[in-house]
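Enquirer: need a 3D model of the following:
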Amino acid sequence: AEAKAARAQGAQVLKRAEQMELRLDRMESTISQTVTDAIQAQVSTRIDAIASELKTVPGAVSRMESELNAAKGTIGGLVDDVKALKDDKEKMLDAAKSMEA
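Expert: Sure, this is the predicted structure:
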């Protein structure tokens, strides 16, 4: 009778241990899924942030292009002014030489 009671008690302990193992497996699975979801949400948020930063790049490039074109125009104007001054200087030198002669 004692052996039968001990076997029954052993079976009950085994059954409880199996139930605990199942609960632990579910908890582990839930924790793992929660961590995975959190990581995906964080990565997704970071990707969205990067994407919105990248959207501003074409506008910035376009503005820089405009500024460069404006600078080119200014430089072109300065080059023309310098040429005109050189031409004026040459004309004055020629005029001075012809007066000397």
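
Enquirer: contact partners of stretch 17-29?
Expert: Under the contact criterion Cβ atoms under 8 Å, 6 or more residues apart in numbering, stretch 17-29 has no outside partners. The C-beta positions use only the backbone N, C-alpha and C, and glycine is treated the same way.

Enquirer: in the protein, which residue is most central in space?
Expert: When Cα atoms, centre = their mean is applied to the chain, the residue found nearest the centroid is residue 50 (3.5 Å).

Enquirer: could you look up the SS state of that residue?
Expert: When classified by DSSP: H, G, I helix; E, B strand; the rest coil, residue 50 comes out as helix.

Enquirer: and it, how far is that from residue 82?
Expert: The gap separating residue 50 from residue 82 is 47 Å, by Cβ to Cβ, to the nearest Å.

Enquirer: what do you get for residue 20?
Expert: On the measure of Cβ to Cβ, residue 20 and residue 82 end up 91 Å apart.

Enquirer: kindly report the same for residue 25.
Expert: Relative to residue 82, residue 25 is positioned 83 Å away (Cβ to Cβ).

Enquirer: residues near residue 24, how many?
Expert: Residues within reach of residue 24, counting by other Cβ atoms under 10 Å, total 10.

Enquirer: and it, what element?
Expert: In the assignment (DSSP states H and E), residue 24 maps to helix 2-100.
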